[in-house]
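Novice: I would like the atomic coordinates for the input below:
(2 chains)
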Amino acid sequence: MSKVDLSVNLAGVRMKNPVVVASGTFGFGREYGQFYNLDELGGICCKGLTLHRREGNPPPRIAETPMGILNSVGLQNPGVDAFIEHELPELKKHDLAIIANISGNTPEEYGIMCEKLSAAGVDMIEVNISCPNVKAGGLAYGTKPELAAEVTKMAKTHSTVPVMVKLSPNVTDITEIARAVADAGADALSLINTLRGMRIDINTRRPILKMNTGGLSGPAVLPVAVRMVWEVACAVDLPILGMGGVAKGEDAAQLMLAGASAVAVGTACFADPYAPIKVRDGLGDIASAQGLDKVSDLTGGVLPW
Amino acid sequence: MPIEQICTIVEAVKLNQYAYSFTLAVGDMVKKGGLKAGQFLHIACGEGLLLRRPISVCVCGEDEPEDTARIVFEVRGEGTRWLAQRQVGDKLNVLGPLGNGFSITPDDRLLLVGGGIGVPPLLGQAVYTAKKAAAVLGFRSADRAMLVEDYRECCEAVYLCSDDGSLGRHGFVDAQLKDILEQDKDFTAVLACGPKPMLKNVARVAAEYGVPCQVSLEERMACGVGACLGCAVQMADGSMKHVCKDGPVFDAKEVDWNV
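Specialist: Residues are numbered from 1 along each chain as shown, chains lettered A, B, ... in the order given. I've put the predicted structure just below:
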């Protein structure tokens, strides 16, 4: 089989392959970096950062569901300054796109974090307006077009690197938010964040998660992700990082055909730490089998009825 | 450093109606990886389940052609039900070694306190401190007892308790622990594993008699390596630690027992 060019360009950020690891599933790379060289990855969306350290939600934070996982971690993180001091230098030793993920309580907090992270030299900032597990900010920004636009503008004003806004699937019409964010100047979009869900222990009648509800990820959400990436790709002219349930090359190829320029692998790592590498290789094999010179030729190639 | 290892089941024994003991060939995970009892293996349980199941190592040792590790588990749900159906010769996909294990030396005189499925991870500690340890083993009832003979072989003394009085002393392990410490406080550490309410009581008694106490905790876990921050435990200082990376063994003084 011929050698396929795996490199992609996401809003000006060049990556040697289209596989990124999804925020919140891969920490800052240290843990899975014990299993393989992080240079294998196209990029990393780092664990979500807030201006100040957060301890996150009380346990239990994890519940397994049919082909999925609910989580309510609640943005536990060391804070943006600790990330810049302790984690970023380690990541910079590797050849991969470093994408910092941020959540703020106010638009101003997003601005401060964007300034700090731009100065520190991350390759891209992923603006999380869609965390379902925190009360302040989080999802509220992701479900109201005017608030999403305000946060996007603030992030853009204070960033010198491309800004990618992460969209929530917990809305009636995701294209409405996508348009608002695009009009506000976002350089790229990432989707989907987790879908809100709940699981109940029928004997104790208690929800498994201490926060009662959490965010659903894993193969169960893949068709929702494919649909939403397709809808957003039809609605706005921005590059998309597609994610949601990707576990193998075929899943990634679906998201790319729907319109994604790159894909993120998340929950699949929990079962198989090597999942991102297998997705990358699987994508290459698919592109090769289809006679494509480069994997980026898949992007937007769906032939809808 | 943890690795992914395909492990063959070399021995499979049903200990009672609920508990199974598997001995796995684990490559050179003991020799090279430094695997020790009290750490855990993260085991993939079939194709239909996304999450691996964390199972503590009961005892392990260097061996030829491969090192071996014994795990003991109860059937609690779908994953462990799948696991229980595996047989000698079957292969398991395992991540390990994971977690910290107990901090002890061979010279320690340990007081081991295990409840239910918390009994197995302490066996390796008794083996390590050859015949000097005392063990308090608690079970819901006699039909749930396990590993009692194994403990008798490698402990100085073994005390049995059951919730319903069908085996040994009628009552909880912390009452037995109190009686032992009342007679003899000359233990270097109390090591405990079991349900959280039991651990809370054990930690309180150990503190009362001034004996350092280490506890092995459980929490619903996803990645097993410290990346997802799922298996959080609240610490007395208000911070969150994680069973998979910071534990499963914690100093009892550090844990917030009031949540």
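Novice: which parts of chain A sit against chain B?
Specialist: Counting by Cβ under 8 Å from any Cβ of the partner chain, the residues of chain A close to chain B are A:24-27, A:30-32, A:34-35, A:47, A:55-64, A:67-69, A:71, A:73, A:76, A:208, A:218-219, A:267, A:269-274. Quick note: C-beta positions are derived from backbone N, CA and C, even for glycine.
Novice: next up, the contacts around the residue lying closest to residue A:143 once chain neighbours are set aside.
Specialist: In space, residue A:143 comes closest to residue A:171 once its chain neighbours are excluded; the distance is 5.3 Å by Cβ to Cβ, 6 or more residues apart in numbering or on different chains. Counting by Cβ atoms under 8 Å, 6 or more residues apart in numbering or on different chains, residue A:171 makes contact with A:142-143, A:177.
Novice: ok, now with 10 Å
Specialist: Applying Cβ atoms under 10 Å, 6 or more residues apart in numbering or on different chains to residue A:171 gives the contacts A:130, A:139, A:142-145, A:148, A:177-178, A:228.
Novice: most widely separated two among the residues you listed?
Specialist: A:144 and A:228 (17.7 Å; Cβ to Cβ).
Novice: now, the residues of chain A next to chain B that are in helices?
Specialist: Mapping the residues of chain A next to chain B onto helices (DSSP state H) picks out A:269-271.
Novice: coming back round to it: neighbour count winner among residue A:144 and residue A:228?
Specialist: Remark: of residue A:144 and residue A:228, residue A:228 carries more neighbours, 26 against 16, as counted by other Cβ atoms under 10 Å in any protein chain shown.
Novice: and chain B, what are its domains?
Specialist: What the record gives for chain B is the domain set B:3-98, B:110-254, from automatic domain parsing.
Novice: deepest of those domains, which one?
Specialist: domain B:110-254 (a mean of 21; mean count of other Cβ atoms under 10 Å in any protein chain shown).
Novice: wait, doesn't residue B:118 sit right on residue B:135?
Specialist: No: look at residue B:118 against residue B:135 with Cβ atoms under 10 Å: they stay out of range, at 11.7 Å.
Novice: show me the shaky parts of the stretch 1-150 of chain A.
Specialist: Applying pLDDT under 70 to the stretch 1-150 of chain A flags the ranges A:1-2, A:131-139.
Novice: tell me where it has helices.
Specialist: A:80-82, A:88-92, A:107-120, A:139-143, A:145-157 (DSSP state H, counting those that start in this stretch).
Novice: closest to residue A:212 out of the ones you listed?
Specialist: Nearest of those to residue A:212, taken as Cβ to Cβ: helix A:139-143 at 14.7 Å.
Novice: just checking, what packs against that closest one?
Specialist: strand A:124-128, helix A:145-157, strand A:163-166, helix A:174-183 (3 or more Cβ pairs under 10 Å, 6 or more residues apart in numbering or on different chains; DSSP states H and E).
Novice: of all those, which one comes closest to residue B:15?
Specialist: The nearest among the helices and strands packed on helix A:139-143, by Cβ to Cβ, is strand A:124-128 at 47.1 Å.
Novice: OK, now which residue of the stretch 201-305 of chain A is nearest to chain B?
Specialist: Proximity of the stretch 201-305 of chain A to chain B (Cβ to the nearest Cβ) peaks at residue A:270, 4.6 Å away.
Novice: how much space separates that residue from residue B:79?
Specialist: Here the distance between residue A:270 and residue B:79 works out to 13 Å (Cβ to Cβ, to the nearest Å).
Novice: okay, now the sheet partners of the longest strand anywhere in chain B, with direction.
Specialist: When chain B is parsed with DSSP state E, its longest strand is strand B:3-14. Strand B:3-14 has the following strand partners under DSSP bridges: strand B:19-25 (antiparallel), strand B:91-98 (antiparallel).
Novice: is the longest helix seen in chain B up against chain A anywhere?
Specialist: Criterion DSSP H: the longest helix present in chain B is helix B:196-208. No: on the criterion Cβ under 10 Å from any Cβ of the partner chain, helix B:196-208 is out of touch with chain A, staying 10.8 Å away.
Novice: and that helix, what does it pack against?
Specialist: Counting by 3+ Cβ pairs under 10 Å, 6+ apart, helix B:196-208 packs on strand B:110-115, strand B:134-139, helix B:173-183, strand B:189-193, strand B:213-216, strand B:249-251.
Novice: show me what the longest one is packed up against.
Specialist: Other helices and strands packing on helix B:173-183, by 3+ Cβ pairs under 10 Å, 6+ apart, are strand B:110-115, strand B:134-139, strand B:157-162, strand B:169-170, strand B:189-193, helix B:196-208.
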